[in-house]
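Participant: sequence first, then the predicted structure, then my questions.
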Amino acid sequence: MGKNHRHSEPLAETTLRVKALESLLIEKGLVDAAALDLIVEAYETKIGPRNGAGVVARAWVDPHFKERLLRDGSAAIAELGIEGVHDEGLVVVENTPTVHNLVVCTLCSCYPWPMLGLPPVWYKSDAYRARAVRDPRGVLRDFGIELAADIAIRVWDSTAELRYLVLPERPAGTDGMDAAALAALVTRDSMIGTARLAPVPARAAP
Amino acid sequence: MGKNHRHSEPLAETTLRVKALESLLIEKGLVDAAALDLIVEAYETKIGPRNGAGVVARAWVDPHFKERLLRDGSAAIAELGIEGVHDEGLVVVENTPTVHNLVVCTLCSCYPWPMLGLPPVWYKSDAYRARAVRDPRGVLRDFGIELAADIAIRVWDSTAELRYLVLPERPAGTDGMDAAALAALVTRDSMIGTARLAPVPARAAP
Amino acid sequence: MNSIHDMGGMDGFGPVLPEADEPVFHAEWEGRVFAMVRATGLLGRWTLDGSRLSLERLNPVDYLKASYYERWLQGLETRLVATGLVTAAELARPSGRGGGSEAPPPVVTVAAVSGSLGRRDAGRRADAVAAKFKPGDAVVARVMNPTGHTRIPRYVRGRRGVIDRDHGVFVFPDTNAELAGEKPQHVYAVRFTASEIWGADAAERDSVYVDLWDDYLDPV
Amino acid sequence: MNSIHDMGGMDGFGPVLPEADEPVFHAEWEGRVFAMVRATGLLGRWTLDGSRLSLERLNPVDYLKASYYERWLQGLETRLVATGLVTAAELARPSGRGGGSEAPPPVVTVAAVSGSLGRRDAGRRADAVAAKFKPGDAVVARVMNPTGHTRIPRYVRGRRGVIDRDHGVFVFPDTNAELAGEKPQHVYAVRFTASEIWGADAAERDSVYVDLWDDYLDPV
């Protein structure tokens, strides 16, 4: 079924080619293997959607922060001490009851790494890149979302060095939750625009 | 080097698949093997660029025919008794010292079969289909032709059921030749627009 | 549909490689595929537009990887199964005849083929349909992106041209491909300057002529 | 260039297939490729635009057949050879270390990488360049088909939009990719209605925002 599952194929030749290239770069004194380890580790364990979720939750509980975030995403996020983000030119776009935002990079795979980590395979897939701008409602259907016709979709094609993060709507049933509890509700896909957050059911009385 | 030479690869699987399909169509009473033979034979031996070359030579020697040919290609060619052509809607476009015509089908492989036979592999190649409309001068360079900047190129993209035939310029040095001798000078590519006919050197006195 | 087949103006396919003394077919199977496509076309179960659509629906990787007659083969198999002339199970069967039953007399015979060699239904219709445009009229190719078959290439959509000539009345591919009506209408050769299509760096005198139906055009 | 990478609006790639509990890397080699691309980027021998160009130049079949990190790998090898950091012969050598010589100390160290994690040169420049447009201005995306790197997708060329916001000054990809000058200029989010881009059948309220440079835009 296409590119999304290619990674499950046997790739012995590629593995060898990659090992050979790494040996060569080290041998020639271009890179240190430990530097490569550090990069892999950082993206496997540190840089991920929890960063973005924290920003979203903070915006939900702090209207002044939200205002600054929507006006200048990079500057507002720099307040939170997340590294590197201010270089990016981060743009935060807000979902409302009448507007749904969806982020894509039709030309390659631009994605707000410091906020969300590395993109999932589907985000980098030809299918998503080709269809998100032309048929966003069809793409959302692939994610199980049927968007009402009266909701306007704004698709953001990341053709330049700006990076886009969707600020999803705060789910119903979360009154009184603190930022940490709210951050736990925020999914990666809701910050790309391919998911909407479900209402939180009222808790039974203790 | 891409698609043009794929046909030289081993294709055992395809060969078997084709044989199986043919057996199936015969077994189900859909086609007669002899009918398939007849089609292959016709295109391998009868329907080819000699048809087009005859039309071109006739236009060179008969100004009235040429006028009719350029006004309504199908009707003029029907006079010559070449079968089936009048169904096609054949359009003949004339090269002049200031205009060069080039024919392509960007969407598939439309081509004036009754005039030229089946198209060569390069005509059907992705490279030709992609580039002929955008970079006709570069494509002509691939055929060894450097077209002067003051010659206007007209590219004809065969998107409908009309079929295009280029009427090349009559080469210098052919005064007094009859239609049969002229027809022998006309190449297939000159009727597609990817070749120009060279002048014929003066013959030594007998 | 905007599938990979609509490749006019794309970069990256490399040079055009003419082949000296090229044979009509490079292998016997190519001729058989060609003949089967021609012969089964006489069964009248699909239109020429429909057969093009079956190729356009190939996955882009499969389309680009396949040689020309491999594409035709895949398209033919698709059409045979879609129309029920052949089942997928029959196609998947190993080569060679099936059970012992005698084959029924063929529908497409030598006689049928002889009468149609070099001839085809090119979609011209005698319907008296009024032309929306006349030679010399300024037009703009419509911005449209149908998900089915269409013959308006991406590279002319939204571009302005001039009607060069009226070819007469033909069936409309977008509907005819899926047997949703012939919708006969005028087809014109429309002249676009190369700079209108490709931008200011195109050669000033060059132009591209594209055959377009009334339903692909608007007045400027 | 109009290579296969510019696929916005194309049909035929099938559904989007989300994967549950997807790992960051699906195989160890993917992580190594990612890290090598990041680390060698610090050598300063090419720009981000240049690295994109090396992928765009892949043959369309190779591009579509390759998985994401296979594309990255091919691009990286191309850049290393093009800049002379590695030779084609070295790349073709079987895996494992070559002769006995001791490796020189590495250029890209742990320290260098630590300082740049999550950070990159995003091409923003402090140059005082006048903006050609302001939010609310009506613009048309230029009809242009450069054969080198560009970041104006085919699907917006010739279409009219409105400046949504001015992002500030950035290097210009078309020149920066081939180290032909940074040509800093304003980049804007430009709003196009979906119907302007795709035609009358697009959802009325929907729109597509594309980040475009001054040199990609004309006033209406």
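Facilitator: Right, received. Where do you want to start? Remember, it's a predicted structure, so these values are computed and weren't measured experimentally.
Participant: give the contact list for residue A:131.
Facilitator: Residues near residue A:131 by CB atoms under 8 Å, 6 or more residues apart in numbering or on different chains: A:138-139, D:11, D:13, D:16. All C-beta atoms are positioned from the backbone trio N, CA, C, and that covers glycine.
Participant: let's see 10 Å
Facilitator: By CB atoms under 10 Å, 6 or more residues apart in numbering or on different chains, the contact list for residue A:131 reads A:104, A:106, A:125, A:138-139, A:142, D:7-16.
Participant: what's the separation between it and residue C:213?
Facilitator: Relative to residue C:213, residue A:131 is positioned 27 Å away (criterion: CB to CB, to the nearest Å).
Participant: likewise residue C:193?
Facilitator: Counting by CB to CB, the gap from residue C:193 to residue C:213 is 21 Å.
Participant: more neighbours: these two, which one.
Facilitator: residue C:213 (25 against 18; other CB atoms under 10 Å in any protein chain shown).
Participant: how about the more buried one, phi and psi?
Facilitator: phi -80, psi 160 (degrees, to the nearest 10).
Participant: do you know the pLDDT at it?
Facilitator: Note on residue C:213: pLDDT of 98.
Participant: contact partners for it?
Facilitator: So residue C:213 contacts B:159-160, C:132, C:150-152, C:167, C:169-174, C:183-188 (CB under 10 Å, 6+ apart).
Participant: which of those residues fall within helices?
Facilitator: Under the assignment DSSP state H, these contribute C:173-174 to helices.
Participant: least trustworthy helix or strand in chain C by mean pLDDT?
Facilitator: helix C:110-114 (a mean of 87; mean pLDDT, DSSP states H and E).
Participant: what residues does the helix or strand that it is followed by touch?
Facilitator: Sequence order places strand C:138-141 as the next helix or strand after helix C:110-114, per DSSP states H and E. Strand C:138-141 is contacted by residues C:132-133, C:152-153, C:155-163, C:188, C:190-192, C:197, C:210, C:212, C:214, C:216-220 when judged by CB under 10 Å, 6+ apart.
Participant: of these, keep whichever come out buried.
Facilitator: C:132-133, C:152-153, C:155-163, C:188, C:190-192, C:197, C:210, C:212, C:214, C:216-217 (16 or more other CB atoms under 10 Å in any protein chain shown).
Participant: from those, list the ones also adjacent to chain B.
Facilitator: With CB under 10 Å from any CB of the partner chain as the criterion, the buried ones among the contacts of strand C:138-141 include C:152-153, C:155-156, C:188, C:190-192, C:197, C:210, C:212, C:216 near chain B.
Participant: quickly list the domain ranges of chain A.
Facilitator: Per the record, chain A has its domains at A:10-47, A:50-204, by automatic domain parsing.
Participant: quick check: which of those domains is nearest to residue B:12?
Facilitator: Of all these, domain A:10-47 sits nearest to residue B:12, with 23.0 Å by CB to CB.
Participant: related to what we said a few turns ago, go through the ones next to chain B among the buried ones among the contacts of strand C:138-141 and flag which are in helices.
Facilitator: Among those, the residues falling in helices (DSSP H) are residue C:197.
Participant: so which of the ones next to chain B among the buried ones among the contacts of strand C:138-141 belong to strands?
Facilitator: If you go by DSSP state E, these have C:188, C:190-192, C:210, C:212 in strands.
Participant: which members of these are the farthest-apart pair?
Facilitator: Pairwise across these, and taking CB to CB, the largest span is found between C:188 and C:192, at 12.0 Å.
Participant: so who does whatever residue of chain A ends up closest to chain B touch?
Facilitator: Taking CB to the nearest CB as the measure, chain A has residue A:126 as its residue closest to chain B, at 17.2 Å. Counting by CB under 10 Å, 6+ apart, residue A:126 touches A:2-4, C:59-61, D:4-5, D:7, D:10, D:12-14, D:16, D:63-64, D:68.
Participant: among these, which ones are buried?
Facilitator: Judged by 16+ other CB under 10 Å, buried ones among the contacts of residue A:126: A:2-4, C:59-61, D:4-5, D:7, D:10, D:12-14, D:16, D:63-64, D:68.
Participant: where do the strands sit along chain C?
Facilitator: Under DSSP E, chain C gives strands at C:138-141, C:160-170, C:185-193, C:207-213, C:217-219.
Participant: strand C:207-213 and the longest one, what's the angle between them?
Facilitator: To tie it back to what came earlier, the one meant is strand C:160-170. Inter-element angle recorded for strand C:160-170 and strand C:207-213: 40 degrees (by axes from the mean of the first three to the mean of the last three CA atoms, to 10 degrees).
Participant: re earlier: what's the closest of the contacts of residue A:131 to residue B:172?
Facilitator: Out of the contacts of residue A:131, the member with the shortest distance to residue B:172 (by CB to CB) is residue D:10, at 47.9 Å.
Participant: ok, for that closest one, nearest residue in space, not its chain neighbours?
Facilitator: residue A:130 (4.2 Å; CB to CB, 6 or more residues apart in numbering or on different chains).
Participant: hmm, residue C:158 is touching residue C:220, no?
Facilitator: No - using CB atoms under 10 Å, residue C:158 is not in contact with residue C:220, being 11.6 Å away.
Participant: residue C:125: neighbour count?
Facilitator: Neighbours around residue C:125, by other CB under 10 Å: 15.
Participant: if I look at the residue most central in space within chain C, how far off is residue B:108?
Facilitator: Central residue of chain C (CA atoms, centre = their mean): residue C:52, 4.3 Å from the mean position. From residue C:52 over to residue B:108 the distance is 6 Å, taken as CB to CB.
Participant: who touches both of these two?
Facilitator: C:5, C:151.
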